[in-house]
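Peer 1: Sequence and predicted structure are below.
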Amino acid sequence: MDNKILLTIDERELEAKPGQTILEVAKEAGIYIPTLCYHPGTTNVGACRVCVVEVEGARTLVASCCMPVSPGMVVKTDTERVLDARKLVVELLWASGDHNCLTCESNGNCELQDLVYKLKIEEPRFKIEPPRYEVEDTNSMIQKDMNKCILCGRCVRVCNEIQVNEILDFSMRGSHARVGPAFDADYIDSECYFCGECVDVCPVGALTFKQARFEGRPWETEKVRTTCTYCGVGCQLDLNVLNGKIVKVTGNSEYGEPNQGSLCVKGRFGMDFVNHQDRLTTPLIRKNGELKEATWDEAYDFITEKIAAIKRENGADSIAGFSSARCTNEENYLFQKFMRAVIGTNNVDHCARL
Amino acid sequence: MTNSIGEIEFSNVILATGTNTTENHPVIGSKVKRAVRRHGAKLIVIDPREIDLTKYADIWLRQKPGTDVAVINGLMNVIISEGLHAEKYIGERTEGFEAVKETVEKYTPEYVEEISGIPAEDLKTAARMYGSAESASILYAMGITQHTTGTDNVKSCANLAMLCGNVGIEGGGVNPLRGQNNVQGACDMGALPNVFPAYQQVTGDEARAKFEKAWGVSLSGTPGITVTEVPDAIINGKVKALYVMGENPMLSDPDLSHLEKALKKLDILVVQDIFLNETGELADVVLPSACFAEKDGTFSNTERRVQLIRKAVDAPGDAKPDWQIISELATKMDYAMDYSSTREIMDEVNELAPSYAGITYERIEKEGIPWPCPSADHPGTKYLHKDKFARGLGLFHAIEYIAPAELPDDEYPLILSTGRVLYHFHTGTMTRRAKGPSERYPESLVEINPADAEKYGIEDGKSIKVATRRGSVEAKASVTGRSPEGTIFANFHFREAAVNLLTNPAMDPIGKIPEYKVCAVKIEAA
């Protein structure tokens, strides 16, 4: 069986594997086709039609995200007919929602905004008529503004096909269609687990991170990749930082194993502790029954003297240390080295058992 | 884990026991759900609680808490009697099978039903499902280990996996799902009383000589005591000083009243943490440390993958990274530790821990590497025991069922099982300061079966008193079928309802892990 399919996209001869879509082959070859509803790892639904291309011999334009390649296929991605069709779609999306970038949290991180710009649309040819839904602002994690929703369904698909939490779906029909939990409930009143993946994949400002609102524009914040501090999965995530503060946490599917961009409620919404007022900021030493602020040197001296005396009188095995499953490898290595080489005991353990 | 997280999604059969993974490791939970919904995997759940995964399960075996060995022996009994075991694999790659075969003979489905309450037919169905799979993965967590028979439970899981040739293959394995970010790494780095980094025994002369040379001191060859043995050692006067880094035993350890008595008896308690937690409140010296977002380093996840963490923000005030504090303290004690970065510490680990020898910061910049990784050109190890077990032949252990240490009686008629909930983490010092999770789960709830609620006159959402022989706490009741009749479930996240005042410190004799999943309890409306 021949495993290669030869086709032409924009006059370039390309090789593809059976089952690949036109969009996938084009992406691999670095040929730009815009998308909105497409999301890797989920079902291709062909809902938004901005990825349409011309295929020689085809009766209509085809959605490149859904169309598998076939031998000898000749594809054109940027003809006038294609661009006109894309413009029409984008203008309709623009006109049917409240896409006001001035106040939108997704300004600078909005795929609709990017498309309007790329397609050089000055204003939509249709009257702008947002649906005037009430903004859902009933929890502190996810804000939902259906006036900005373009019904691409990415949130629905990641909820059902990636996280498999099976919370979000479409309700109503036609121009009344909207996304949300069962019975059109607010997030907080539903069984939602608040993994936040729906927000991460929303291409517009319909779903946004509530606590990140007005905390910084995307071009101002710095993304620092790190490993989540909670459970043992070791999810790779981006801390979005502005002025020394974590303003939100986002996933990135390009980081690959072990989580492919997915996160859970703790990694996503559990970082308030970092910048919390209760954090310890200085060493403390107990004096007359109370913990009092001290310098590092005072604290080290206090410990050193006490430990030396105890070791002298009772031997090194009268000292024990608990290392930590929360600290790094380097710190655990040093802690056990400290207990073994400096104190002189193997009384070192941590909470693996608890 | 013997196998990798990524393989779970493509296993033919997944057996999840004693792991509420969708709440404790939600991203792994999603992989299990994807395996079922998108790739047609069969899912067997063995758990007393009606956890979310039961919604996705092909079969759910609801055993009485603490009867795991009997259940697994029962599964093996069916697999062997129906000839579903991997005879060739057992013959070539393992030893000790005959003894196991003999032991499990009496664990017929009917006998196991008497012990566990699992209908014999269901046990048979599950055994056939697991036994006939091309690749089957066992996932477990603290529901298996936190028993006085924890080690037996784990060995039983290993027996079952080897019986069907599931160890050393893609998509198979015996996979403990770790609940803390670096519990794997803490073990790997030798933060254990009996081993140096990479599990080199402190009793081994060769290993000791190696570390004595590297560290330039003579070292003790006597294994130390475990976390759970420390309180008694303090009470008995053997331990006088305790240094606690990044732990909160005053909420996480069993029988807290006893622990508090012990900690107060110490000559010096040093606590190094990011918050003044319940343990810090008893300390003589408190050292402020930087949290994960304020420092560089590595964590090793549950699949042994070593991954970087990176400094994103500055630590508050005078707080310092733990590695710096230890270095400075050691230097004060006349043992020079002058590391200028965590990278230098990893260089030393590379030299001394063979399984980490090839894991450098440069190599894990883009994607972490799972150990063993013995050299700089080794790709890391996706799954263990391929072709050959680490010890040569896979060792079967014949294991008999032993009941939990403290079972219900007339005075304490119910079983208490403890664990975590989705929205909080361990002793709650971090998640309880997070707005969103706290909004979703603001106060402690004790899960009680409707039949028990009726029997004891308890209403959903109303306060109840929960008491054991060791103490009592008050919390609100959540009346739900998630808990089986006769068992209540409580979490240990809330200091105002600290369930470890209640738990039984009875330990597994080998693992020294407390029996958090079973103790006798009574409840009444408060």
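Peer 2: Sure, I can see it. Residues are numbered from 1 along each chain as shown, chains lettered A, B, ... in the order given.

Peer 1: B:Pro374: what's it in contact with?
Peer 2: B:354-355, B:357-358 (CB atoms under 8 Å, 6 or more residues apart in numbering or on different chains). Yep, even glycine has a C-beta here, placed from its N, CA and C like the rest.

Peer 1: ditto for B:Tyr140
Peer 2: With CB under 8 Å, 6+ apart, B:Tyr140 has these contacts: B:16-19, B:153-154, B:157, B:174-177.

Peer 1: now, which of those residues lie within helices?
Peer 2: Among the contacts of B:Tyr140, the members falling in helices (DSSP state H) are B:153-154, B:157.

Peer 1: between the residues you listed, which is nearest chain A?
Peer 2: Using CB to the nearest CB, the shortest approach to chain A within the ones in helices among the contacts of B:Tyr140 belongs to B:Val154, at 12.6 Å.

Peer 1: Do me a favour and average the pLDDT over stretch B:163-178.
Peer 2: For stretch B:163-178, mean pLDDT rounds to 97.

Peer 1: returning to what we had before: got CSV for the contacts of B:Tyr140, with neighbour count too?
Peer 2: Below are those laid out as CSV (neighbours: other CB atoms under 10 Å in any protein chain shown):
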residue, neighbour count
B:Ala16, 31
B:Thr17, 23
B:Gly18, 28
B:Thr19, 29
B:Asn153, 27
B:Val154, 22
B:Cys157, 23
B:Val174, 23
B:Asn175, 29
B:Pro176, 22
B:Leu177, 25
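
Peer 1: what residue lies at the spatial centre of chain B?
Peer 2: The residue lying closest to the centre of chain B (CA atoms, centre = their mean) is B:Met142, at 4.5 Å.

Peer 1: that older thread, relative to chain A, which of the contacts of B:Pro374 is nearest.
Peer 2: B:Ser355 (11.8 Å).

Peer 1: Now for the one residue in the stretch 51-200 of chain A that gets nearest to chain B, which secondary structure element holds it?
Peer 2: The nearest approach of the stretch 51-200 of chain A to chain B comes at A:Val164, 3.5 Å away (CB to the nearest CB). A:Val164 belongs to no helix or strand when assigned by DSSP states H and E.

Peer 1: measure the closest residue to it other than its chain neighbours to A:Gln163 for me?
Peer 2: For A:Val164, ignoring the flanking residues on the chain, the nearest one in space by CB to CB, 6 or more residues apart in numbering or on different chains is B:Lys33 at 3.5 Å. Distance, B:Lys33 to A:Gln163, using CB to CB, to the nearest Å: 8 Å.

Peer 1: same deal with B:Val230?
Peer 2: On the measure of CB to CB, B:Val230 and A:Gln163 end up 40 Å apart.

Peer 1: And for A:Glu220?
Peer 2: Distance from A:Glu220 to A:Gln163, by CB to CB: 29 Å.

Peer 1: One more: B:Met333?
Peer 2: 49 Å.

Peer 1: For the two, indicate the residue with more neighbours.
Peer 2: A:Gln163 (25 against 18; other CB atoms under 10 Å in any protein chain shown).

Peer 1: so what's that one up against?
Peer 2: A:193, A:195, A:197, A:262, B:26, B:30, B:33.

Peer 1: nearest to A:Arg173, of the residues you listed?
Peer 2: A:Glu197 (25.7 Å; CB to CB).

Peer 1: Next, give phi and psi for the residue nearest to the centre of chain B.
Peer 2: Per-residue torsions, B:Met142: phi -60, psi -20 (degrees, to the nearest 10).

Peer 1: Can you pull out the low-pLDDT segments for the stretch 251-354 of chain A?
Peer 2: Along the stretch 251-354 of chain A, no part satisfies pLDDT under 70.

Peer 1: Can you show me the strands along it?
Peer 2: Assigned by DSSP state E, counting those that start in this stretch, the stretch 251-354 of chain A shows strands spanning A:284-287, A:290-293, A:319-322, A:348-349.

Peer 1: right, so these: which one is the most enclosed?
Peer 2: Of all those, strand A:348-349 carries the top mean neighbour count, a mean of 28, counting by mean count of other CB atoms under 10 Å in any protein chain shown.

Peer 1: packing partners for that one?
Peer 2: Counting contacts by 3 or more CB pairs under 8 Å, 6 or more residues apart in numbering or on different chains; DSSP states H and E, strand A:348-349 packs against strand A:319-322.

Peer 1: Please identify the pairing partners of the strand it packs on and their relative orientation?
Peer 2: Sheet partners assigned to strand A:319-322 using DSSP bridges are listed as strand A:348-349 (parallel), strand B:241-245 (parallel).

Peer 1: Which among the ones you listed is found nearest to A:Glu293?
Peer 2: strand B:241-245 (19.9 Å).

Peer 1: Restricting to C-alpha, output the closest one in CSV.
Peer 2: Taking C-alpha atoms only, strand B:241-245 is exported to CSV below (Å, rounded to 0.1, in the frame of the first residue of the first chain):
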residue,chain,number,x,y,z
ALA,B,241,15.7,18.2,68.2
LEU,B,242,13.6,18.3,65.0
TYR,B,243,14.2,20.3,61.8
VAL,B,244,11.1,20.4,59.6
MET,B,245,11.4,21.8,56.1
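
Peer 1: Convert the C-alpha atoms of the helix or strand just after that strand to CSV, please.
Peer 2: Next along the chain after strand B:241-245, taking DSSP H and E as the criterion, comes helix B:249-252. As requested, the backbone C-alpha atoms of helix B:249-252 are provided in CSV (Å, rounded to 0.1, in the frame of the first residue of the first chain):
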residue,chain,number,x,y,z
PRO,B,249,2.9,17.4,60.4
MET,B,250,0.5,19.1,62.8
LEU,B,251,-2.3,18.6,60.3
SER,B,252,-1.0,15.8,58.1
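
Peer 1: so after helix B:249-252, what's the next helix or strand?
Peer 2: Following helix B:249-252 toward the C-terminus (DSSP H and E): helix B:256-265.

Peer 1: which residues touch the strand or helix carrying B:Thr22?
Peer 2: Using DSSP H and E, B:Thr22 maps to helix B:21-24. Identification of contacts with helix B:21-24 by CB under 8 Å, 6+ apart yields A:193, A:231, B:28-30, B:32-33, B:51-53, B:139, B:141, B:177, B:179, B:419-422.

Peer 1: Relative to the whole chain's centre, how far out is stretch A:25-40?
Peer 2: How far stretch A:25-40 lies from its chain's middle: 19 Å, per CA atoms, centre = their mean, to the nearest Å.

Peer 1: and it, which residues are buried?
Peer 2: A:25-27, A:31, A:33-39 (16 or more other CB atoms under 10 Å in any protein chain shown).

Peer 1: CA atoms only for that stretch - export them in CSV, please.
Peer 2: The C-alpha coordinates for stretch A:25-40 follow below in CSV (Å, rounded to 0.1, in the frame of the first residue of the first chain):
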residue,chain,number,x,y,z
VAL,A,25,-0.7,19.5,5.4
ALA,A,26,-0.7,23.2,4.8
LYS,A,27,0.3,23.9,8.4
GLU,A,28,3.2,21.5,8.2
ALA,A,29,4.3,23.2,5.0
GLY,A,30,4.1,26.6,6.6
ILE,A,31,1.2,27.8,4.5
TYR,A,32,-1.1,30.1,6.4
ILE,A,33,-4.8,29.2,6.6
PRO,A,34,-6.8,31.1,9.3
THR,A,35,-8.9,29.1,11.7
LEU,A,36,-11.3,29.8,14.5
CYS,A,37,-13.2,26.6,15.4
TYR,A,38,-10.3,24.2,14.7
HIS,A,39,-8.6,22.8,17.8
PRO,A,40,-6.0,20.1,17.6
